[in-house]
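# Have a look; sequence and predicted model below, questions after that.
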Amino acid sequence: MPEHPYPGRWWHALGDGRIQCDLCPRDCKLHDGQRGACFVRQNIGGEMVLTTYGRSSGFCIDPIEKKPLHHFYPGSSVLSFGTAGCNLACKFCQNWDISKSKDMDRLMDQASPEEIALAARRAGAKSVAFTYNDPVIFAEYAMDTADACHAHGIKTVAVTAGYIHPEARREFYAKIDAANVDLKAFTDDFYFKLTGAHLQPVLDTLRYVHHETDTWLEVTTLLIPGKNDSDEELEAMTRWIAQELGADVPLHFSAFHPDYKMGDIPATPPRTLTRARDIAMRNGLHYVYTGNVHDTDGGTTYCPSCESPLIVRDWYRIEDYRLTPEGRCPHCQMKIAGHFEPFSLSRQFGNRRQPVTLHASR
């Protein structure tokens with residue numbers, strides 16, 4: 001693990017003492033000593049450095065369903081971690097204490113990529129997830145960790161807003177086995193006013209990941225009352241997903257809870273999630289889920305052909321699992337999209353969340 005700031009990638013010199021970050025569409029132009037909007041990429045002496053390499057805000061073992069990923073080895077456990085900072089400025093951020101932090105002292109856990117991979121193997125985790133804040137901003141650390149994980153037979157997961165430039169995107173997703181990408185809304189007005197970003201780069205990432213990589217893709221939209229939950233917007237978004245990504249990409253609608261700079265907005269009513277799910281399924285999507293609410297029907301995987309319940313979930317716990325070992329419906333033999341393996345109810349990780357301490361070598 002480096003003792004000094006780690007050299008960052010994806011930047012170029014501007015010729016006037018500044019450098020431009022080429023990682024994401026923000027294109028931050030930085031004077032010596034200045035940090036980007038994400039706060040963790042910095043110009044030091046005319047070169048880009050990543051200040052959070054090898055430093056984490058904490059490690060936990062989670063159920064894979066919490067990412068959320070419902071079609072990537074259901075019932076398995078995942079070692080989750082993040083760093084600090086973010087390249088978006090979401091006023092509704094649900095992890096704002098981490099993603100908006102500019103306090104490097106919050107990063108108490110230090111670990112090299114190899115130590116993370118070994119910790120996941122010791123814990124019996126199927127995968128390691130880069131999450132809590134956006135892994136795009138610590139891409140070098142995530143990619144090195146992905147290499148270490150793959151060497152030990154551990155899968156990798158990115159939970160991200162998908163706000164990244166094409167060159168970095170190509171290199172990043174080449175290391176990622178599964179991704180849940182936040183599609184925060186389907187209007188550029190929402191993105192600009194509430195996240196400080198733009199919609200089109202996210203749509204480009206979704207198309208790229210699904211069509212140009214082997215990365216398993218699922219999509220999440222946090223529904224915020226009065227902001228992105230109208231029938232018109234949900235119709236447009238789900239039609240776009242069906243047309244551009246296909247019917248088999250799982251879509252998760254998640255409930256908003258008042259937080260950060262939007263504490264005056266009420267929590268999302270469960271009926272809004274149900275309405276959104278109905279719209280998405282009418283537009284042809286096969287796998288549509290609800291999250292952050294107790295909704296067994298909205299958490300269940302149904303066969304698109306015969307409509308049999310195949311994976312029944314209660315929160316993050318699987319109550320019934322009927323897929324064949326090959327991932328087929330036992331009734332009509334339809335192949336269910338995703339990555340599956342032989343499953344036992346008694347061996348699933350379930351609803352637990354276990355903090356993990358990594359003792360890194362200093």
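Structure's in. What do you need?
# Would you state the helices of the protein in chain order?
Per DSSP state H, the chain carries helices over the ranges 96-99, 113-123, 139-151, 166-173, 188-195, 200-212, 231-244, 270-282, 296-299.
# Tell me how many other residues crowd Cys214.
In this structure residue 214 is Asp, not Cys. By other C-beta atoms under 10 Å, 9 other residues sit near Asp214. Quick note: C-beta positions are derived from backbone N, CA and C, even for glycine.
# check contacts around it.
Contacts for Asp214 were tallied using C-beta atoms under 8 Å, 6 or more residues apart in numbering; they are Asp177.
# What of Met237?
Taking C-beta under 8 Å, 6+ apart, one finds Leu183, Ala185, Phe186, Thr221 in contact with Met237.
# I'd like to know how far it sits from Lys193.
Met237 sits 17 Å away from Lys193, going by C-beta to C-beta, to the nearest Å.
# Just send the helices of the chain back as JSON lines, with distance to Thr52 and mean pLDDT too.
JSON lines is the format used below for those (distance: least, C-beta to C-beta, whole Å; pLDDT from 0 to 100):
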{"stretch": "helix 96-99", "distance to Thr52": "11", "mean pLDDT": "49"}
{"stretch": "helix 113-123", "distance to Thr52": "13", "mean pLDDT": "96"}
{"stretch": "helix 139-151", "distance to Thr52": "7", "mean pLDDT": "98"}
{"stretch": "helix 166-173", "distance to Thr52": "16", "mean pLDDT": "98"}
{"stretch": "helix 188-195", "distance to Thr52": "21", "mean pLDDT": "96"}
{"stretch": "helix 200-212", "distance to Thr52": "22", "mean pLDDT": "98"}
{"stretch": "helix 231-244", "distance to Thr52": "33", "mean pLDDT": "98"}
{"stretch": "helix 270-282", "distance to Thr52": "34", "mean pLDDT": "98"}
{"stretch": "helix 296-299", "distance to Thr52": "34", "mean pLDDT": "97"}
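# so which of these is the most packed in?
helix 139-151 (a mean of 22; mean count of other C-beta atoms under 10 Å).
# Tell me the helices and strands packed up against that one.
helix 113-123, strand 127-130, strand 155-160, helix 166-173 (3 or more C-beta pairs under 8 Å, 6 or more residues apart in numbering; DSSP states H and E).
# Grab the CA positions of that helix and hand them over as CSV.
Presented in CSV, the C-alpha positions along helix 139-151 are these (Å, rounded to 0.1, in the frame of the first residue of the first chain):
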residue,chain,number,x,y,z
ALA,A,139,-11.3,3.7,-9.9
GLU,A,140,-7.5,2.9,-9.6
TYR,A,141,-8.0,1.4,-6.1
ALA,A,142,-11.1,-0.5,-7.3
MET,A,143,-9.5,-1.8,-10.4
ASP,A,144,-6.4,-3.0,-8.5
THR,A,145,-8.7,-4.7,-5.9
ALA,A,146,-10.6,-6.3,-8.7
ASP,A,147,-7.4,-7.8,-10.1
ALA,A,148,-6.6,-9.2,-6.6
CYS,A,149,-10.1,-10.5,-6.2
HIS,A,150,-10.1,-12.3,-9.5
ALA,A,151,-6.8,-14.0,-8.7
